[in-house]
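Colleague: Generate a structure from the sequence data that follows.
(chains A and B)
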Amino acid sequence: MTPERPAFFEGQILAAADLTSAVDYGRSEVARHERYLQDWGVAEGLELTTTPDATGKYVNVTLGAGMAIDGTGQEILVTTPYPLSKADFFTANGASPQAGANYPILLHRLDSAAPAPPLTTGACGPGGQPTRTQEGFAITYGGLGADLDLDQQQVPDVSAGPGPVNGNPWQVLVGFVQWDSSARQFTSATQQGLRYAGVKADTVSARSGTLALRSQPAATPGQPVLVIGGNPLGLTFGLYQGGNAVDARLTVSAQGDVTATGTIKGALAQGEVRVQSGIVTDGLVIPLPEGITQDQVDRGAVTLHLHVTPHTPQSVPGTWYVPVDCSVDASRQLSCQVMIGTGSSLSGTVKSGAADYLIVAAVAGATP
Amino acid sequence: MSKLTVVYLKDSGHVLAALTRADPPAAGEPVGALVNKGLPVSAVDAVSADVTVPVTNLAAVTVDDNQPDVLINPQHFQVVQDPSGQTPPQVASIGLAAGNVALTIDTTSGAQVVVSNVFTAVSLPAVVVLQKLASPSPAPTILDPVTVTLASPTVVADPAGFVIGDTWNMYAFVQGVRPAASAITIMS
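Modeller: Take a look at the predicted model:
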């Protein structure tokens, strides 16, 4: 339906519908902005807090004040802390929920007619009409798994204003509670896995010349930040220090120079050499250096240089030790035999031995 | 500090091979990356043995490299698992000598294993390998894991197939005892 903006003229007699349409036009416009340019979820507060009850064994759970945006584009405002109801939980989930299981607490917008103030014109008698709508909220004590399909809730048509579709209010997860069914009491609460409100944007631009992307609302020392721009121009990943300064860990300059304070792993650079060394016993495959795969070797992207030397054990007085075989096959499997004898005898026992190995992997070219 | 990776028999814990390196894969690795399809073993105890233990019978674990003797005599060590799974597997030396294990083959009882002088258990898991000496050399048979009752003979292979005059190499990997091996010529 094409949106209609109310228009007025001098001398017009204004009906209630005219005034209501003026309000609805603005509400719908805001709702579409929230729906299509924001990502629904918790926007502020709405923390679940627990306090021990009188027995000390159970807890009372309170939903703190805050705001969420639902998927229809309307705000859900909790203005004062709201204690969760054990009676309502019991009514919703029955007598025997699973012990230790997390039961979702869901929040949705609930509008209701505000009580008319006394002595309001038209408030008396059977024809009295409310003149305000309270934009309230309601809590749903969900069953196990009720939080899993919240992403599948039905979004209103593009021209529609805020509010439920087909009478189904949009639910926002604010946390989970655990329940003792014998005592009919809450035992704990958690807010892991909440969905927070976000932004849908294909372009994000900064006016100061520096765009920062961080993982917490405040620039907290020790927390990561990604900075684009700045002076000198570049891309920087680092950790906040005090006073919004960034301790850079990885930078890409405007010229394309990459500087890292840590180790770069993963992709191989042309001409790069990686080395592994150690001791290996008979029968084992010489391991490849870290970051080198057999597939890279098979494709010829990496050339291997392998050197093995019989590993001479610490000498024992009266014994002698002679290498018999020390070689590797095409699959790098070691064959290492040694003969160990005693005294002046020229014969000894042939047994498996060990070898010192050095394997060098040289990257022949850029690898995909 | 470098790390020690040992390859061991899954069913008995006996270490068969080992290697050290500075940077083992952090996420671990399949044992097949260390042995391909199987681990060739050329000697068990003092008996020559050309046995390739299939990769399916093997496992690998990586620990701190603080036991250099593992690289000299890997078969003198075993991998000890924590039954509760709370601590990682450990590589420990095997104190009991192979002399505590007697191996026999005859045409009446078949192949038998007798473990003696072990007081910490009444039975132990074991893996037994049989290899007939012939030319050309046939592939050894790695028997299914068995449980050996202490101080009494445990038949690991029935008499069928054993012929007087044949010589067999027999290897027993009894958990907690060093690998035992014997070249046995069947007399009766």
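Colleague: Spell out which residues of chain B are next to chain A.
Modeller: Among all residues of chain B, those adjacent to chain A (criterion: CB under 8 Å from any CB of the partner chain) are B:2, B:5, B:7, B:16-25, B:33-36, B:39-43, B:46, B:48, B:71-72, B:74. Any C-beta I mention is one placed from the backbone N, CA and C, and that applies to glycine too.
Colleague: what are the ranges of the strands in the stretch 201-350 of chain A?
Modeller: For the stretch 201-350 of chain A, strands defined by DSSP state E, counting those that start in this stretch occupy the ranges A:210-214, A:224-229, A:234-240, A:246-253, A:258-260, A:273-281, A:302-310, A:319-328, A:334-342, A:349-352.
Colleague: Restrict the strand ranked longest in chain B to CA atoms and write it as CSV.
Modeller: Longest strand of chain B, by residue count under DSSP state E: strand B:123-132. Taking Å, rounded to 0.1, in the frame of the first residue of the first chain, the C-alpha atoms of strand B:123-132 are listed here in CSV:
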residue,chain,number,x,y,z
SER,B,123,44.6,-60.2,33.5
LEU,B,124,46.2,-57.9,31.0
PRO,B,125,45.3,-56.9,27.4
ALA,B,126,47.8,-58.1,24.8
VAL,B,127,48.4,-58.0,21.1
VAL,B,128,50.1,-61.1,19.6
VAL,B,129,51.8,-61.3,16.2
LEU,B,130,52.7,-64.5,14.4
GLN,B,131,55.1,-64.7,11.5
LYS,B,132,56.0,-68.0,9.8
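Colleague: list the buried ones in it?
Modeller: Burial within strand B:123-132, assessed by neighbour count using 16 or more other CB atoms under 10 Å in any protein chain shown, is assigned to B:L124, B:P125, B:A126, B:V127, B:V128, B:V129, B:L130, B:Q131, B:K132.
Colleague: got it, and stretch A:130-149?
Modeller: Buried residues in stretch A:130-149, counted by 16+ other CB under 10 Å: A:F137, A:I139, A:Y141, A:G142, A:A146, A:D147.
Colleague: what's the closest of these to chain B?
Modeller: Ranked by distance to chain B (CB to the nearest CB), the buried residues of stretch A:130-149 are led by A:D147 at 31.1 Å.
Colleague: what about the closest residue to the closest one other than its chain neighbours, which helix or strand?
Modeller: If you skip the residues right next to it in sequence, A:D147 has A:P104 as its closest partner in space, 3.9 Å away by CB to CB, 6 or more residues apart in numbering or on different chains. Here A:P104, judged by DSSP states H and E, is contained in strand A:103-113.
Colleague: Relative to the next helix or strand after that strand, what are the paired strands and their orientations?
Modeller: The first helix or strand that comes after strand A:103-113 along the chain, using DSSP H and E, is strand A:133-141. Sheet pairing of strand A:133-141 (DSSP bridges) gives strand A:103-113 (antiparallel).
Colleague: Quick one: distance of the partner strand to the chain centre.
Modeller: 25 Å (CA atoms, centre = their mean, to the nearest Å).
Colleague: Just the C-alpha atoms of that strand, please, in PDB.
Modeller: The C-alpha trace of strand A:103-113 is given here as PDB (Å, rounded to 0.1, in the frame of the first residue of the first chain):
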ATOM      1  CA  TYR A 103      15.000 -21.800  29.500                       C
ATOM      2  CA  PRO A 104      14.800 -18.700  27.300                       C
ATOM      3  CA  ILE A 105      13.400 -15.500  28.500                       C
ATOM      4  CA  LEU A 106      11.800 -13.600  25.700                       C
ATOM      5  CA  LEU A 107      10.700 -10.000  25.500                       C
ATOM      6  CA  HIS A 108       8.200  -8.400  23.200                       C
ATOM      7  CA  ARG A 109       6.400  -5.100  22.700                       C
ATOM      8  CA  LEU A 110       2.900  -4.900  24.100                       C
ATOM      9  CA  ASP A 111       0.800  -1.800  23.500                       C
ATOM     10  CA  SER A 112      -2.300  -1.200  25.700                       C
ATOM     11  CA  ALA A 113      -4.700   1.600  26.200                       C
END
